[in-house]
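Enquirer: what follows is a protein structure lacking sequence information:
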(Lines give C-alpha, C1' and ligand atoms only; values in the text may rest on other atoms or scores of the structure.)
Protein backbone atom coordinates (compact mmCIF):
# COMPACT_ATOMS: atom_id res chain seq x y z
CA UNK A 1 0.00 0.00 0.00
CA UNK A 2 1.45 3.33 -1.06
CA UNK A 3 2.46 5.54 1.88
CA UNK A 4 1.12 8.71 0.21
CA UNK A 5 -2.36 7.19 -0.07
CA UNK A 6 -2.30 6.08 3.57
CA UNK A 7 -1.28 9.60 4.66
CA UNK A 8 -3.95 11.27 2.52
CA UNK A 9 -6.64 8.88 3.75
CA UNK A 10 -5.61 9.58 7.35
CA UNK A 11 -5.76 13.35 6.74
CA UNK A 12 -9.23 13.02 5.19
CA UNK A 13 -10.54 10.91 8.07
CA UNK A 14 -8.81 13.08 10.71
CA UNK A 15 -10.65 16.16 9.42
CA UNK A 16 -14.01 14.39 9.64
CA UNK A 17 -13.45 12.81 13.04
CA UNK A 18 -11.89 15.92 14.59
CA UNK A 19 -14.80 18.26 13.85
CA UNK A 20 -17.76 16.00 14.72
CA UNK A 21 -18.97 14.59 18.06
CA UNK A 22 -21.04 11.63 16.81
CA UNK A 23 -23.11 11.46 20.02
CA UNK A 24 -26.05 9.73 18.29
CA UNK A 25 -23.83 7.27 16.38
CA UNK A 26 -23.88 3.64 17.52
CA UNK A 27 -21.77 2.21 14.67
CA UNK A 28 -19.81 3.44 11.66
CA UNK A 29 -19.70 2.13 8.13
CA UNK A 30 -17.38 3.00 5.29
CA UNK A 31 -19.59 3.00 2.20
CA UNK A 32 -17.77 2.15 -1.02
CA UNK A 33 -18.81 3.29 -4.48
CA UNK A 34 -17.34 2.36 -7.84
CA UNK A 35 -16.30 5.13 -10.20
CA UNK A 36 -14.99 4.67 -13.74
CA UNK A 37 -11.35 4.71 -12.77
CA UNK A 38 -11.68 4.84 -9.01
CA UNK A 39 -13.31 3.73 -5.79
CA UNK A 40 -14.93 6.28 -3.48
CA UNK A 41 -15.05 5.95 0.30
CA UNK A 42 -17.75 7.69 2.34
CA UNK A 43 -18.10 7.56 6.12
CA UNK A 44 -21.54 7.16 7.64
CA UNK A 45 -22.66 6.83 11.24
CA UNK A 46 -25.78 4.86 12.16
CA UNK A 47 -27.92 5.07 15.28
CA UNK A 48 -28.27 1.27 15.33
CA UNK A 49 -26.21 -1.87 14.81
CA UNK A 50 -27.31 -5.45 14.18
CA UNK A 51 -24.70 -7.97 13.08
CA UNK A 52 -27.49 -10.11 11.55
CA UNK A 53 -29.19 -7.29 9.61
CA UNK A 54 -26.97 -5.23 7.33
CA UNK A 55 -29.72 -2.62 6.96
CA UNK A 56 -28.38 -1.05 10.17
CA UNK A 57 -26.07 1.00 7.94
CA UNK A 58 -29.11 2.54 6.19
CA UNK A 59 -30.13 4.29 9.40
CA UNK A 60 -27.73 7.20 8.98
CA UNK A 61 -27.50 9.96 11.55
CA UNK A 62 -24.21 11.16 10.04
CA UNK A 63 -22.76 11.08 6.54
CA UNK A 64 -19.65 12.66 5.06
CA UNK A 65 -21.91 13.16 2.03
CA UNK A 66 -20.07 14.31 -1.07
CA UNK A 67 -16.87 14.55 0.97
CA UNK A 68 -15.48 11.21 -0.20
CA UNK A 69 -11.96 9.84 -0.37
CA UNK A 70 -11.06 8.71 -3.88
CA UNK A 71 -8.71 5.80 -4.58
CA UNK A 72 -7.52 5.23 -8.12
CA UNK A 73 -8.03 1.77 -9.57
CA UNK A 74 -4.38 2.01 -10.66
CA UNK A 75 -3.50 1.82 -6.97
CA UNK A 76 -6.28 -0.39 -5.65
CA UNK A 77 -6.76 -2.77 -8.59
CA UNK A 78 -9.37 -2.93 -11.31
CA UNK A 79 -11.82 -5.47 -9.83
CA UNK A 80 -14.24 -4.58 -7.04
CA UNK A 81 -12.75 -7.33 -4.85
CA UNK A 82 -9.31 -5.69 -5.06
CA UNK A 83 -10.88 -2.29 -4.33
CA UNK A 84 -12.64 -3.67 -1.27
CA UNK A 85 -9.44 -5.27 -0.03
CA UNK A 86 -7.39 -2.12 -0.58
CA UNK A 87 -9.93 0.17 1.09
CA UNK A 88 -10.32 -2.26 3.99
CA UNK A 89 -6.55 -2.08 4.45
CA UNK A 90 -6.74 1.71 4.65
CA UNK A 91 -9.44 1.56 7.33
CA UNK A 92 -7.67 -1.18 9.32
CA UNK A 93 -4.47 0.86 9.25
CA UNK A 94 -6.36 3.90 10.54
CA UNK A 95 -7.99 1.85 13.29
CA UNK A 96 -4.50 0.81 14.42
CA UNK A 97 -2.58 4.07 13.99
CA UNK A 98 -5.01 6.93 13.27
CA UNK A 99 -4.97 10.01 15.47
CA UNK A 100 -8.73 9.89 16.11
CA UNK A 101 -9.22 6.12 15.83
CA UNK A 102 -10.63 6.05 19.38
CA UNK A 103 -13.73 7.91 18.11
CA UNK A 104 -14.37 4.97 15.77
CA UNK A 105 -13.46 2.26 18.26
CA UNK A 106 -15.59 3.73 21.05
CA UNK A 107 -18.70 2.79 19.04
CA UNK A 108 -20.21 -0.69 18.79
CA UNK A 109 -18.76 -1.58 15.40
CA UNK A 110 -17.02 -0.42 12.25
CA UNK A 111 -17.99 -1.94 8.92
CA UNK A 112 -17.04 -1.51 5.28
CA UNK A 113 -18.72 -2.51 2.05
CA UNK A 114 -20.12 -1.45 -1.28
CA UNK A 115 -23.48 0.28 -0.94
CA UNK A 116 -25.15 -2.42 -3.06
CA UNK A 117 -23.35 -5.33 -1.36
CA UNK A 118 -22.54 -6.96 1.94
CA UNK A 119 -20.93 -5.25 4.92
CA UNK A 120 -17.78 -6.67 6.44
CA UNK A 121 -17.50 -5.93 10.16
CA UNK A 122 -13.82 -5.12 10.67
CA UNK A 123 -14.03 -3.93 14.25
CA UNK A 124 -16.34 -4.65 17.16
CA UNK A 125 -16.09 -2.91 20.50
CA UNK A 126 -15.67 -5.42 23.29
CA UNK A 127 -17.93 -4.41 26.17
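Expert: Sure thing, it's come through. Keep in mind that this is a model prediction, so the values were computed, not measured. Residues are numbered from 1 along each chain as shown.
Enquirer: how many neighbours does residue 118 have?
Expert: When neighbours are counted by other C-beta atoms under 10 Å, residue 118 registers 9. All C-beta atoms are positioned from the backbone trio N, CA, C, and that covers glycine.
Enquirer: actually residue 52, sorry about that
Expert: Counted with other C-beta under 10 Å, residues neighbouring residue 52 total 5.
Enquirer: just residue 113 next, same as before
Expert: 20.
Enquirer: ok, it - contacts?
Expert: 29, 30, 31, 32, 54, 57, 84, 119, 120 (C-beta atoms under 8 Å, 6 or more residues apart in numbering).
Enquirer: three-state assignment of it?
Expert: Secondary structure, DSSP: H, G, I helix; E, B strand; the rest coil: residue 113 is strand.
Enquirer: circling back: from the contacts of residue 113, pick the one nearest residue 67.
Expert: Of all these, residue 31 has the smallest distance to residue 67: 12.1 Å, by C-beta to C-beta.
Enquirer: just give me the neighbour total for the nearest residue to that closest one once chain neighbours are set aside.
Expert: Excluding the flanking residues, the one nearest residue 31 by C-beta to C-beta, 6 or more residues apart in numbering is residue 42, at 4.4 Å. By the measure other C-beta under 10 Å, the count of residues near residue 42 is 17.
Enquirer: show me what contacts the most centrally placed residue in the chain?
Expert: The centroid of the chain falls nearest to residue 30 when counting by C-alpha atoms, centre = their mean (2.5 Å). Shown in contact with residue 30 (C-beta under 8 Å, 6+ apart): 41, 42, 43, 44, 87, 91, 110, 111, 112, 113.
Enquirer: can you give me the strands in this structure?
Expert: Secondary structure of the chain (DSSP state E): strands at 27-34, 38-46, 60-63, 69-72, 109-114, 120-124.
Enquirer: now these in a markdown table, with mean pLDDT and distance to residue 80?
Expert: Shown next, in a markdown table, are these (pLDDT from 0 to 100; distance: least, C-beta to C-beta, whole Å):
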| stretch | mean pLDDT | distance to residue 80 |
| --- | --- | --- |
| strand 27-34 | 98 | 6 |
| strand 38-46 | 98 | 8 |
| strand 60-63 | 96 | 22 |
| strand 69-72 | 98 | 12 |
| strand 109-114 | 97 | 7 |
| strand 120-124 | 96 | 13 |
